[in-house]
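Peer 1: quick one, what's the 3D model for this:
(2 chains)
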2 protein chains.
Amino acid sequence: MSPKITTELLKQLRQAMKSPKYVQEPVQAYIVPSGDAHQSEYIAPCDCRRAFISGFDGSAGTAIVTEQHAAMWTDGRYFLQAAHQMDNNWTLMKMGLKDTPTQEDWLVSVLPEASKVGVDPFIIPADQWKRMSKALKSAGHDLVPVKENLIDTVWVDCPQRPCKPLITLDLSYTGVSWRDKIVALRSKMAERKVLWFVVTALDEVAWLFNLRGSDVEYNPVFFAYAVIGMNTIRLFIDGDRVMDPAVREHLQLDSSLEPEFRIQVVPYGSILAELQAVGAGLSPKEKVWLSDKASYALTEAIPKAYRYLTPYTPICIAKAVKNAAETDGMRRAHIKDAVALCELFNWLEKEVVPKGTVTEIIAADKAEEFRSQQKDFVELSFATISSTGPNGAIIHYKPVPETNRTLSVNEIYLLDSGAQYKDGTTDVTRTMHFGTPSAYEKECFTYVLKGHIAVSAAIFPNGTKGHLLDSFARSALWDCGLDYLHGTGHGVGSFLNVHEGPCGISYKTFADEPLEAGMVLSDEPGYYEDGSFGIRIENVVLVIPAETKYNFKNRGSLTFEPLTLVPIQTKMIDVNLLTQKECHWVNDYHQKCREVIGAELERQGRREALQWLLRETEPLKVQ
Amino acid sequence: MSPKITTELLKQLRQAMKSPKYVQEPVQAYIVPSGDAHQSEYIAPCDCRRAFISGFDGSAGTAIVTEQHAAMWTDGRYFLQAAHQMDNNWTLMKMGLKDTPTQEDWLVSVLPEASKVGVDPFIIPADQWKRMSKALKSAGHDLVPVKENLIDTVWVDCPQRPCKPLITLDLSYTGVSWRDKIVALRSKMAERKVLWFVVTALDEVAWLFNLRGSDVEYNPVFFAYAVIGMNTIRLFIDGDRVMDPAVREHLQLDSSLEPEFRIQVVPYGSILAELQAVGAGLSPKEKVWLSDKASYALTEAIPKAYRYLTPYTPICIAKAVKNAAETDGMRRAHIKDAVALCELFNWLEKEVVPKGTVTEIIAADKAEEFRSQQKDFVELSFATISSTGPNGAIIHYKPVPETNRTLSVNEIYLLDSGAQYKDGTTDVTRTMHFGTPSAYEKECFTYVLKGHIAVSAAIFPNGTKGHLLDSFARSALWDCGLDYLHGTGHGVGSFLNVHEGPCGISYKTFADEPLEAGMVLSDEPGYYEDGSFGIRIENVVLVIPAETKYNFKNRGSLTFEPLTLVPIQTKMIDVNLLTQKECHWVNDYHQKCREVIGAELERQGRREALQWLLRETEPLKVQ
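Peer 2: Alright, predicted model coming up:
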């Protein structure tokens, strides 16, 4: 991976920062956040402005360019990748380390007096604007909205915004009709006494209308906004996508519905004007509900007194709690996904060991091939992390020809991959060795496994927030002086984004919502030895009620059920480091893999993969 | 405990809320926070306004009185106590439970339109004012400062503000002179580019000047403020206390010091006027540093543009990290404290079992008697929680004649107590049974012990915040569906407040500062069965560097060393529920109690208590 040369681009950007064509007054710094106008984590190519200007294309990062400097803030998952992808024009700001300044502090330290700092008001979330603006103001600077995106002005071959066909999902997948979702949303609006609700996140629009798209790779979403009133529904969406008869029928656009369920289809680009009109027409006490992460531009369209902002929208919370149809679908998706991975690992063992011709890219492609053979496969749910040896230590690594290593019997192989099926989303990491792992590798793997089990088997009272479970995943590593610089788990959508709120398991956030039965998260502790190897063990898990002896005085108990059912390589386990309880967990888990995935492999006539599964799920000897 | 009858008082308060004598316009609600003008947790009798108006005298709670309602917010420690102490005029708002409204939400739900809500601006912290004011404003109401405290207007026999003599501490206790503390503070001020620092917390004033007092029971502090400039030191303190020759010498009031170390002594009551003068004299870019928990009145004295507010002051952080002299002192204090408790428990066993004449109050008094025999004993560090049977389930119980139970061989006895010695502060809880505990009592005790050990033996990387350890304390309880509604640990001062920031171990806060070697905390999980018994096991522990196999890539590791060395009753332990590692922890701990406390009991010639110690520290049989 050679870094992107950005000298010329930065020169042009710095000219744009002073050009009266784009700015009323020159800006001394320009902020390039990661997201798009919907604050998406994964974005369409036309929105990859931060990657374009810097070369760093990880999923999280903020660039700030001043007249003298160019700096990039990213987190522990991306330190190595960012360092590889950026040239010397850029300074890497390692978030989470003690001595790394915040963006605000850094700006204050480098800016000349009374500077203006520009940002695209559609790209920056309102809460970030507020924080940044306050900090800058208190140091004598100003944060200013720059209407024209300055990256776009220097991006000559910027791709078009995608506008792909929509997929309709019927009740067998969603469990609840879009009409019932609107009814539930309006009842939440009535509870909070708000008259309007603005849906800005792409996955929230998709979930609300039981529609999916493919505008953003890996994320079955489409560019749209919605504004829901107590008697109106406006969907802001472009193209002739709603002319498709299946979509028209799904949305009942041609039926004579009760007025409060009639969907008005409005052009995507008119959202700001429409919101400004809504804002202008409000009477005192009439409120508009927005996520506090909605863009500054849309938030400002509603006068401050009329805004009702919350960190998580009622859609975000409802979407996180999967209903029976959705959990059934997630289970089906994970069974198919496990079948594909058993095939893959069986194939790898046959190819890697004797031939030594399988590269990271070939392995990733093969994984996709096996997945695509499964029913209702749509696409991958993220770029496959297929990494061997030192590449495994790059936490969000994606193999490219320049870095592509060959799998061997001498190195640990880490595969973090997942898919979108029409019935559910998967995300699974397995770490394996095709030869003989060293004692140290086994030791580290076993600590990670202990952490994985500690979370997966945790029992906790109803109302517990996920972040309170994060240390369980680290305890075994901590005891030996090891740790990993990423969170332990994220919410997972149901044929939707592989990362979703409002729940998670991380030391970094305190604002997660309490865990509830029906929520789906990942459980993925890891350990990374820079320059040598990476280990991660990840299952997707479902929050379920637990049975406990005393049941928290009827407050109720929760625990997790693994949805992912793929063998964990026992060769990598140092059994002496496991407790009896942990050994039993592994054996029970493998027994379930045998039963559930074994039956499906049998049904699909995949005999060789079934043999592999049986071999890999031989019980550990409990000490 | 019969509730306080508050009908007449509330009537008078509601009159005051409308009286032009006190308010420009009538207020429809009046907030009575817990604290004093220094936001102290423990307060002098003259500041116990919330207890006076409601009857509820726990350490935490906020009362709000409207024309129709009177409501009290408090946390899980005090649900039972508050319910017992308040009459039917009051509604108990159980904080931490899902359906309990916040004060703001409740006010909005009960107030008539466009109401005014009054509060004493000296009592409410600025951050609370801000939050409350914003919430009220957005619902059309106003938070207004009421200069005269309205409780004081109806409190006819309100006690005088105390003004007791000061104690000076020399270097052998403090390790650092007050001059060096001022130098360190000024260097922090220079780092942050602030010109003035306002010391508002009583323990911060005491720590900074190496002085102690006794204005507030259990807390060796005195009523004072300080304002530190880059070249000036102003101490706001009343009475002839600084006329004491020892104090004059300690503060070098009569020496010809360099001007920047000359302390100007100013009357306590002049702080507001002085701060207003400071505020009025500031030039642009000149900042004044205050805690964001300082009172609204003092914060408002500094124009907004000149304020530099932080959640924890540099004094608070420096004070938390004990130096060698302080940790040595803490160790000495804990040895003496353990001697006193060995004497007490030996005495209790001899008295309770055969005679049955020892009440909770007698036991508490006896504990104080034994403590007071120790060198440098000053006073207790909080009201002794001496509770047996159902009283043990009242988390911050204090025995009074109405509730006083007799210790017996049939009930669990919980003693949470501590003392102020000139060399350190102690806080220890032991739970014991003088007869034969039931299997269920032993089971619960053992889970609590497992949680206590999980925290005490935890190893974690440098920079970890205490709240990340909280779940370790709960895991064994959670597994069986049990929990406790309080945090696991608080910072402990060095001959200062028994509760201090900025560190702690709790699920409730995210704003704690990272743990550092030298910090001192409590480790006190519990379990409470309402109406039956309470269990808590509390040690004070010191954060120390840990040795780990891989040392977090030189990031460094931390763990805890118990300073408290008092036997944990092995009779209460169900050994079958302990792991080998936990058994070894108990045995190692008891071995250390034998060595350290045994030697001191020997030295003090306390033979009987020594025999008791040896009996109680017999090793568990490791399975």
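Peer 1: okay, strands next: where are they in the stretch 151-300 of chain A?
Peer 2: Listed in chain order, the strands of the stretch 151-300 of chain A (DSSP state E, counting those that start in this stretch) span A:167-168, A:196-199, A:211-212, A:224-229, A:233-237, A:263-266, A:288-291.
Peer 1: now these as JSON lines including mean neighbour count?
Peer 2: From N, CA and C alone the C-beta is placed, and that goes for glycine too. Output for those, formatted as JSON lines (neighbours: other Cβ atoms under 10 Å in any protein chain shown):
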{"stretch": "strand A:167-168", "mean neighbour count": "20"}
{"stretch": "strand A:196-199", "mean neighbour count": "26"}
{"stretch": "strand A:211-212", "mean neighbour count": "24"}
{"stretch": "strand A:224-229", "mean neighbour count": "23"}
{"stretch": "strand A:233-237", "mean neighbour count": "22"}
{"stretch": "strand A:263-266", "mean neighbour count": "16"}
{"stretch": "strand A:288-291", "mean neighbour count": "24"}
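Peer 1: quick one, which of those strands gets closest to chain B.
Peer 2: strand A:288-291 (13.2 Å; Cβ to the nearest Cβ).
Peer 1: is the closest one in proximity to chain B?
Peer 2: No - Strand A:288-291 does not reach chain B (Cβ under 8 Å from any Cβ of the partner chain); its nearest approach is 13.2 Å.
Peer 1: who does that strand pair with, and is each partner parallel or antiparallel?
Peer 2: Within its sheet, strand A:288-291 is paired with strand A:196-199 (parallel), strand A:307-310 (parallel), according to DSSP bridges.
Peer 1: how much space separates A:Thr313 from A:Ser40?
Peer 2: 15 Å (Cβ to Cβ, to the nearest Å).
Peer 1: kindly list the longest strand within chain A.
Peer 2: Longest strand in chain A, counting residues (DSSP state E): strand A:539-546.
Peer 1: dump that one to CSV, restricted to CA.
Peer 2: The C-alpha trace of strand A:539-546 is given here as CSV (Å, rounded to 0.1, in the frame of the first residue of the first chain):
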residue,chain,number,x,y,z
ASN,A,539,-20.2,-14.0,17.0
VAL,A,540,-23.4,-12.1,16.4
VAL,A,541,-25.5,-12.6,19.6
LEU,A,542,-29.2,-12.1,20.4
VAL,A,543,-30.2,-10.6,23.7
ILE,A,544,-32.6,-13.1,25.4
PRO,A,545,-34.3,-13.4,28.8
ALA,A,546,-32.1,-15.5,31.2
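Peer 1: can you pull the buried residues of it?
Peer 2: A:Asn539, A:Val540, A:Val541, A:Leu542, A:Val543, A:Ala546 (16 or more other Cβ atoms under 10 Å in any protein chain shown).
Peer 1: what would those residues look like in TSV with distance to A:Ile412 and pLDDT?
Peer 2: Below are the buried residues of strand A:539-546 laid out as TSV (distance: Cβ to Cβ, whole Å; pLDDT from 0 to 100):
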residue	distance to A:Ile412	pLDDT
A:Asn539	19	98
A:Val540	22	98
A:Val541	24	98
A:Leu542	29	98
A:Val543	31	98
A:Ala546	34	97
